[in-house]
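K.L.:
predicted model and sequence follow; I will ask about them next.
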Amino acid sequence: MAGISLPFVALTTLCLALVASGHRLDHVEMSPLEASVPLEVVEPDQILTPPENWKVIERAGPSVRVNLVFAMKHENEEILENLLMKVSDPKSQYYGHHLSLDQLAKITTPSPETERVLFDWLERNGVKKSNCDTVRTRDFWKCGTTVSIAEKLLPGSKFCRFSNGASILLRSATSYHLPSPIADIVAFVGGVHRFPRHTGATQSPAKSVDFHLGVDPSVLRQRYNLSDTMVGSYSNNSQATAQFLEQYFHQDDLAEFMKLFVAYPHRDKVDKVVGPNDGKPGLEASLDIQYITSMGANITTWYWNTPGRDETQEPFIEWLMAITNTTTVPWVHSISYSDYEATLSTAYMKRVSAEFAKAGSRGLSFLFASGDNGAGCRETSKDKYVYNPMFPSSSPWVTTVGGTTFQKPYAISDEETDFISGGGFSTVFPRPGYQDDAVELYLNTIKPLPDQHYFNRNGRAFPDVAALSSNYWIVREKIPTPYISGTSCATPVWAGIISLVNDVRFTMGGSSLGFINPLLYEVAYQALMDVTVGCHVGCLDDEGIEGFCAGVGWDATTGWGTPDVYTMIYGQSSTFV
């Protein structure tokens, strides 16, 4: 490809210039075979500028190896979503009749003609099918090649190496194009854009924390009406946390945590580790493991780690591919990973969201933290601001968990919105029908409501539920560690509770809960404790600092509220079981 023969120093200078300008190439060069085919920018709204902590270090040489992931468009996406609702809606005769992975593959596998078009194009440009791997559902293809061939395959792309001081990534500094016939069948190409962003729990300095009771499993179980006898017993029940960005836990820390804080039946070890776990214990991984195992006590637990050690990987995509390539996976997954919608392409978010629909149709429950920036805020022009929702929190096919704090921080008491609790309205996904009534009621009754220029009132509204999200205790390197906060705290709590509900359902001969939102919004919200006090942070502009506020019923800071586990399982008004 033209440009590859330039001196390497010149190429590195080019890389620096492209990154500095956020450049999108208006003119791209193609191989003679493709020259007559129209081109399309597949992800025109993808932010190309790397996060501040990532710096370009050099232009990638032509022989450097790169892995590209071709995320195929689903030809039967509407059928998939309809099936998801049929198996998730308690009014449906198919409720709980989840699909096997093989059944799912029959819906998502591209047609033979689609695969022929894809591989005719790949092989014309030097990528052999023997260098590509797929998943059980055949809707991802991962192909190994060189930078030289990748840049010919993806006109406009210019691969550079970036570093954040700890890791190195290979990414294109410019947007890529695909021939129109390929753009018709490929949603996006992974391994070209997107940088991992650190999101998750944080530890507050002791001097900045007011006196607080502190949250541990005994506090959570008392507040959420969960007795010490409520532990798992079904042998085939399971739950998992997903980790990225070199987050690890130590089995010894978990055992010490259980020794200090848990007196009821439990497991001292994680049952299965997927991926590496050979680094220092991280705050996020330690928190997730210790609270999913203490709330979902005595239930088989997996730690699923995709650290992204390959410089061409997108860890989140790799994890999704592993889920859709594995027949038997845990029923419940706690994920504390998110990014701003505004930094991601619409094509990427919609295709990733389809993976959540696939998981729900299999009976899996995906719970995502709602984020720790309140409504979020971004400047659209000088002194003009809008709210900045998070993804995957905003996907209509996941259950999103917001955060609360005790109204009386020195006692187990009623809760109010944690001001950091992520929530709001998607700018990408329209509001799903299952939440229409609840959200319309909120928008028409809550006072005050932020000015409508801040948000898309017709977007998917989140969070769906909430739990305590501040001042948790964990054990890290065998040392009890306080002041851990974030919606990352609340998410494994809810995941463990959903696992306990599954345990009862399995014991009674029922199915897993799977995608719980239709059930939650239709009737099961009655088993939750409504949070009606408090607001989260919005934009710090002339119109005030508050974003959305809590209210009676569903709201955009705490969803339907916090769990009352006894009522969720045994209450007459609950249909959780």
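P.N.:
Perfect, I can see it now. Numbering: from 1, shown residues only.
K.L.:
how far away is the residue nearest the centre of the chain from G371?
P.N.:
With the centre of the chain defined as its mean C-alpha position, the nearest residue by Cα atoms, centre = their mean is P392, 4.3 Å away. Using Cβ to Cβ, to the nearest Å, we find P392 at a distance of 10 Å from G371. Where C-beta positions appear, they are placed from N, C-alpha and C, glycine not excepted.
K.L.:
tell me, what's touching those two both at once?
P.N.:
Taking Cβ atoms under 8 Å, 6 or more residues apart in numbering as the contact criterion, the common neighbours of P392 and G371 are S338.
K.L.:
one step back: got a pLDDT number for the nearest residue to the residue nearest to the centre of the chain once chain neighbours are set aside?
P.N.:
Excluding its sequence neighbours, the residue lying closest to P392 (Cβ to Cβ, 6 or more residues apart in numbering) is F368, at 5.2 Å. F368 is assigned a predicted lDDT (pLDDT) of 98.
K.L.:
P281 reaches I479, doesn't it?
P.N.:
No - using Cβ atoms under 8 Å, P281 makes no contact with I479, being 10.2 Å away.
K.L.:
quick one: which of these two has more around it?
P.N.:
Neighbour totals were compared for P281 and I479, and P281 leads with 22 against 9 (other Cβ atoms under 10 Å).
K.L.:
show me what contacts the more buried one?
P.N.:
Residues in contact with P281 (Cβ under 8 Å, 6+ apart) are 248-250, 253, 476-477.
K.L.:
and the residues you listed, which are buried?
P.N.:
The neighbour-count test (16 or more other Cβ atoms under 10 Å) applied to these identifies 248-250, 253, 476 as buried.
K.L.:
put together JSON lines for those, with secondary structure on each row.
P.N.:
Formatted as JSON lines, the buried ones among the contacts of P281 follow (DSSP: H, G, I helix; E, B strand; the rest coil):
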{"residue": "Y248", "secondary structure": "strand"}
{"residue": "F249", "secondary structure": "coil"}
{"residue": "H250", "secondary structure": "coil"}
{"residue": "D253", "secondary structure": "helix"}
{"residue": "R476", "secondary structure": "strand"}
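K.L.:
adding distance to R362 and pLDDT, write those residues out as JSON lines.
P.N.:
Supplementary listing: those in JSON lines, determined by distance: Cβ to Cβ, whole Å; pLDDT from 0 to 100:
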{"residue": "Y248", "distance to R362": "28", "pLDDT": "93"}
{"residue": "F249", "distance to R362": "26", "pLDDT": "96"}
{"residue": "H250", "distance to R362": "31", "pLDDT": "97"}
{"residue": "D253", "distance to R362": "32", "pLDDT": "98"}
{"residue": "R476", "distance to R362": "34", "pLDDT": "97"}
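K.L.:
of those, just say which sits nearest to R197.
P.N.:
Looking at the buried ones among the contacts of P281 and their distance to R197, the nearest is Y248, at 18.9 Å (Cβ to Cβ).
K.L.:
please tabulate the contacts of P281 in TSV, including the columns distance to P112.
P.N.:
Listed next are the contacts of P281 as TSV, based on distance: Cβ to Cβ, whole Å:
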residue	distance to P112
Y248	43
F249	44
H250	48
D253	50
R476	52
E477	54
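K.L.:
so which of these comes closest to T327?
P.N.:
Distances from T327 to the contacts of P281, taken as Cβ to Cβ, are shortest for F249 (25.6 Å).
K.L.:
residues touching that closest one, list them.
P.N.:
Taking Cβ under 8 Å, 6+ apart as the contact definition, F249 lies against 270, 277, 281-282, 285-286, 288-289, 303.
K.L.:
between the residues you listed, which is nearest S167?
P.N.:
Top of the list for closeness to S167, among the contacts of F249 and by Cβ to Cβ, is G282 at 14.0 Å.
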